[in-house]
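Chemist: Sharing a model prediction with you, sequence too.
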Amino acid sequence: MQLKEYTTTSGEVLLYAGTPDFSQLELLSTGAGDIWHSSFEQGYKNAFPELVYQTAVFFWYLNDFDGLDQCVSWRINPNAFAVRKSVWDLTKGFDTDFENIQMQALDFGFRCNRFLGGVPLYVKNLFTNAAIEKVIVSRRDRHLFFRKNYKISHAIFMIYRLGFLKISEWITLFRVKNTYKKRDITARIPSRVLLAIQGNPTVSYIIPTMFRQEYTLQLLDDLSNQNYKPTQVIVVDATPLSDRDETAYEQKQYPFELKVIWQQTKGSCRARNEGIALCTGDYIVFGDDDIRIPADFIENHIRFLQTYSVGACNGLDIRADHHQQNLEDLALKLEQLSRPPFIAGCTQMFSNANSSVKREFVNQLVGNDVNFDGGYGEDSDFGMSLSKIGVTVLANPFAANLHLKPPSGGYRFWGTQAKIVGKKRKAQPWELDAPVKNIKPVPSPTIMYGIMKHYSPKQLREYKYKHFTYYLFTGSKVAFLYRLFRFPYKNIQFKKSVFYAQKLQNLGIRHQ
């Protein structure tokens, strides 16, 4: 493919096809993006929906976002896009094994987003003269995409969903399988060198805690030893009156403003929202109570966000071998990983244990959706909600924490009731006015609520097929007949989950 060259005022070479707005492209080159396009208006929005057969609802960027001037999107128009030359050369550009150049572009954008650490961005009006196209993906190219990017089992699942008796699908699968191999991902885009902090941005740090005051005090000491100290730390403590030491946070003087809230409500989402309401910093860092952080933690969050000119990032969460490990153990783990071990592209997840967001975007969302309290999925929902308002959320391999995961305490204390059925069970927030009786909903109704909130009914249906396929065909072959026997019961559990999720969806997003 013959691409033209454009050299920015900083001396970087960009490659492009079509006719971009060069003044806009110049500005974009200073930000987080590696690839830019305006494909939504050119017929590419939500192209290649067959990706759902692999990813189900576990990929933030399965659907393109609506109503935004700029957002992450891997659906590139090959006739109107721009890319950093360094990225094009490193990734070797389009894969010409695909017959159709449209599929070459889609595969390139997806590969950069999902595997290589590239950031593809839709930018409205960057290419205004491009024609509207009809995107056509042949059966061969569809199977080739699955072959090059995923295990064969995903292609077989796709055939199952498209029609298990379609001979043409099976013929194409075996032809592609015998001719091509799954890619070996090696050439990842390196993270940038972090710049020094510009200005004097203020930082608020929120710690929700419950039954873990000793761990919270340990974290406060780590925050006191930061190279770039937070301006404000807010502890939201839900430890019951009978189990807490009300003087615990008064025993030391800290080099930041410390605010302690004794939480009266229930749930980690409500806890974070109570903390958010008191934040004054330019940036908010979210952290769990059971982590240890090195002295460069806050500094590297701010440097990273400023270097990439983005509004949010997800830090590097390192799991401890046991809950008594310390910062020396974290240093050894990072050394073994050859830090930074991961790419700094579009994050594939979000964690409230280690993340940083500009306060203006947190305020735009208001806070966490409390419909998730008592269950799971609030982290991913918050990260994806940021993406849906146009925030580019990146993975930050430079801000690492050691996650201790002690055997007791934490907000999951409330959630343990979800495992109980019968009269001994205490109702969870998501049960609303219909308490669970003898059948426990599976998956977690809050997980199901998140799926219904962000994905289409058709994609929920594909998730259901994927869910039950994994249930039947993973695990011991000896136990297959037992799983098959329990299948009707599992289906009842699934329907229960949908029932509660629908009730939450009817309430709408809530913040208190």
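Modeler: Done, it's in.

Chemist: All the helices of the stretch 201-350 of the chain, residue numbers only.
Modeler: Per DSSP state H, counting those that start in this stretch, the stretch 201-350 of the chain carries helices over the ranges 213-224, 268-276, 297-308, 327-336.

Chemist: For the second one, which helices and strands make contact with it?
Modeler: Secondary-structure packing of helix 268-276 (3 or more C-beta pairs under 8 Å, 6 or more residues apart in numbering; DSSP states H and E): strand 203-209, strand 232-237. From N, CA and C alone the C-beta is placed, and that goes for glycine too.

Chemist: Can you tell me which of those is most buried?
Modeler: For the helices and strands packed on helix 268-276, average neighbour numbers computed from mean count of other C-beta atoms under 10 Å are highest in strand 203-209, which has a mean of 27.

Chemist: Can you give me the buried ones in the longest helix anywhere in the chain?
Modeler: Longest helix in the chain by number of residues (criterion: DSSP state H): helix 480-507. Buried residues in helix 480-507, counting neighbours by 16 or more other C-beta atoms under 10 Å, are found at 483, 494, 496, 497, 498, 500, 501, 503, 504.

Chemist: Stretch 375-395 too?
Modeler: 375-388, 390-395.

Chemist: Report the separation between the two terminal residues of it.
Modeler: One end of stretch 375-395 to the other measures 25 Å (C-alpha to C-alpha, to the nearest Å).

Chemist: Can you give the distance of that stretch from its chain's centre?
Modeler: Computed by C-alpha atoms, centre = their mean, to the nearest Å, the chain-centroid distance of stretch 375-395 equals 6 Å.

Chemist: what does stretch 103-113 give?
Modeler: With C-alpha atoms, centre = their mean, you get 19 Å for stretch 103-113.

Chemist: one step back: check which helices and strands the longest helix of the chain sits against.
Modeler: If contacts are counted by 3+ C-beta pairs under 8 Å, 6+ apart, helix 480-507 sits against helix 445-454, helix 457-473.

Chemist: Highest mean neighbour count out of the ones you listed?
Modeler: With neighbours taken as mean count of other C-beta under 10 Å, the helices and strands packed on helix 480-507 reach their highest mean count in helix 445-454, at a mean of 24.

Chemist: gap between that one and the chain center?
Modeler: 15 Å.

Chemist: do stretch 205-225 as well
Modeler: 25 Å.

Chemist: thinking again about what came up before, indicate which one of the helices and strands packed on helix 480-507 is closest to residue 150.
Modeler: helix 457-473 (13.0 Å; C-beta to C-beta).

Chemist: Average pLDDT for that closest one, rounded please.
Modeler: The pLDDT scores in helix 457-473 average 95.

Chemist: who's in contact with that helix?
Modeler: The contact list for helix 457-473, computed with C-beta atoms under 8 Å, 6 or more residues apart in numbering, reads 52-53, 56-57, 62-63, 157, 160-161, 443, 451-452, 455, 480, 483-484, 487, 490-491, 494.

Chemist: And stretch 435-452, by the same measure?
Modeler: 57, 371-378, 380-381, 418-419, 421-422, 425, 427-428, 430, 459-460, 463, 467, 489-490, 492-494, 496-502, 504-505.

Chemist: Likewise for stretch 82-90?
Modeler: 3, 5-6, 12-17, 20, 25, 29, 34-37, 112, 118, 126, 187, 189.

Chemist: Now restrict the residues you listed to buried residues only.
Modeler: Buried residues within the contacts of stretch 82-90, defined by neighbour count using 16+ other C-beta under 10 Å: 3, 6, 14-17, 20, 25, 29, 34-37, 112, 118, 126, 189.

Chemist: Would you reformat the helices and strands packed on helix 268-276 as a markdown table and include mean pLDDT and distance to residue 167?
Modeler: Output for the helices and strands packed on helix 268-276, formatted as a markdown table (pLDDT from 0 to 100; distance: least, C-beta to C-beta, whole Å):
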| stretch | mean pLDDT | distance to residue 167 |
| --- | --- | --- |
| strand 203-209 | 97 | 56 |
| strand 232-237 | 97 | 60 |
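
Chemist: what's the angle from the strand ranked longest in the chain to helix 297-308?
Modeler: Ordering each strand of the chain by length in residues (DSSP state E) puts strand 393-403 first. Angle of strand 393-403 versus helix 297-308, following axes from the mean of the first three to the mean of the last three C-alpha atoms, to 10 degrees, is 170 degrees.

Chemist: Show me what strand 393-403 is packed against.
Modeler: Short answer (3+ C-beta pairs under 8 Å, 6+ apart): strand 393-403 packs on strand 291-292, helix 297-308, strand 312-319, helix 327-336, strand 354-358, helix 378-388.

Chemist: again, only using 6 Å
Modeler: Counting contacts by 3 or more C-beta pairs under 6 Å, 6 or more residues apart in numbering; DSSP states H and E, strand 393-403 packs against strand 291-292, helix 297-308, strand 312-319, helix 378-388.

Chemist: Just tell me which of these ends up closest to residue 347.
Modeler: strand 312-319 (4.4 Å).

Chemist: what angle separates the closest one from helix 378-388?
Modeler: 150 degrees.

Chemist: Walk me through which strands strand 312-319 pairs with, and which way each runs.
Modeler: Strand 312-319 has the following strand partners under DSSP bridges: strand 354-358 (antiparallel), strand 393-403 (parallel).

Chemist: For the helix or strand following the first one, give the mean pLDDT please.
Modeler: Using DSSP states H and E, the next helix or strand after strand 354-358 towards the C-terminus is helix 359-365. Regarding helix 359-365, the rounded mean pLDDT is 97.

Chemist: and what of stretch 271-280?
Modeler: Mean predicted confidence for stretch 271-280 is 96.
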